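# Structure, please.
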Amino acid sequence: MTQDELKLAVAKAAIAYVPNDCIVGVGTGSTANFFIDELGKIKHKIRGAVASSEASAKRLQGHGIEVISLNDAGELPVYVDGADEITRNMHMTKGGGGALTREKIVAAASKKFICLCDASKLVDVLGKFPLPVEVIPMARSYVARELVRLGGQPQLRTGFTTDNGNLILDVHGLSILNPVELETAINHLPGVVTNGLFARRPADVLLLGTAEGVQTLTA
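Below is the predicted model:
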């Protein structure tokens, strides 16, 4: 099966986790896009969605799904999104698409986090995929120096600005043995908005696309 076929399979499986008459939290990226397309088929069963990026909001609206601000929606029953890497402990690296801050906010406001991935994203140790860190522009150099002290090799994501008007440093060369500890340490650096480790609020369910079908893993 191709990667797109695997993404479609997990997107279809995720629909079963969407309660009727609810507001759904929706992530960002290629896998989330498949889920949005599937959500469009049941739009009459939901009240709307909270989007984690401007791109996802536009795709939702294209399907005729009402996009609701998180401030108006309150707590969400479910948030559905992909990941760049995930472990069997449900710790993730996210933010390859640059929407990590809004994704983290929507995930925190949701009762259940459903992660959609193909089998290539399941790893024993996070760190092969560069860790995105969203920074306020004036703090870029300071934060980069501190990330070097933490053992990383930060690179500015050139030509990219987040939906929040900030920059992203992609940190290479990490072997993340304690994701909760590192997530906390990076977030404590002045000028960091957040980083792409989702360990303090991990996924609750992983729908993993494999050649043998969709596997369901839980923490």
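# For the most centrally placed residue in the chain, list the residues it contacts.
With distances taken as Cα atoms, centre = their mean, the residue of the chain nearest its centroid is residue 94 (4.7 Å). In this structure, residue 94 makes contact with 81, 82, 83, 84, 100, 103, 104, 132, 196, 198, judged by Cβ atoms under 8 Å, 6 or more residues apart in numbering. Backbone N, C-alpha and C define where each C-beta goes, glycine included.
# How far does stretch 73-86 sit from its chain's centre?
Offset of stretch 73-86 from its chain centre (Cα atoms, centre = their mean, to the nearest Å): 7 Å.
# Show me which residues of that stretch are buried.
Within stretch 73-86, the residues that count as buried by 16 or more other Cβ atoms under 10 Å are 73, 76, 78, 79, 80, 81, 82, 83, 84, 85, 86.
# Quick check: closest non-adjacent residue to residue 175.
Among residues not flanking residue 175 along the chain, residue 127 sits closest, at 4.7 Å (Cβ to Cβ, 6 or more residues apart in numbering).
# was I right about that neighbour contacting residue 178?
No: using Cβ atoms under 8 Å, residue 127 is not in contact with residue 178, being 11.4 Å away.
# Comparing the two, which shows the higher neighbour count?
residue 127 (20 against 11; other Cβ atoms under 10 Å).
# Now do the same contact list for the more buried one.
85, 93, 173, 174, 175, 176.
# Hmm, which of those is lowest in pLDDT?
Among these, residue 175 has the lowest pLDDT, at 91.
# Look up how far residue 157 lies from it.
Applying Cβ to Cβ, to the nearest Å, the value for residue 175 to residue 157 is 21 Å.
# More neighbours: which of these two?
Between residue 175 and residue 157, counting by other Cβ under 10 Å, residue 157 is the more crowded of the two (19 against 9).
# Next up, phi/psi of the nearest residue to the more buried one once chain neighbours are set aside, please.
Nearest residue to residue 157, sequence neighbours excluded (Cβ to Cβ, 6+ apart): residue 168, at 4.2 Å. When read as degrees, to the nearest 10, the backbone of residue 168 gives phi -130, psi 130.
# Put the alpha carbons of the longest strand along the chain into PDB.
In the chain, taking DSSP state E as the definition, the longest strand is strand 110-118. The C-alpha trace of strand 110-118 is given here as PDB (Å, rounded to 0.1, in the frame of the first residue of the first chain):
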ATOM      1  CA  SER A 110      -9.600  17.900  24.300                       C
ATOM      2  CA  LYS A 111     -10.700  14.900  26.400                       C
ATOM      3  CA  LYS A 112      -9.200  12.400  23.900                       C
ATOM      4  CA  PHE A 113      -6.400  12.700  21.400                       C
ATOM      5  CA  ILE A 114      -6.500  10.300  18.400                       C
ATOM      6  CA  CYS A 115      -3.200  10.100  16.500                       C
ATOM      7  CA  LEU A 116      -3.100   8.900  12.900                       C
ATOM      8  CA  CYS A 117       0.100   7.600  11.500                       C
ATOM      9  CA  ASP A 118       1.500   5.100   9.000                       C
END
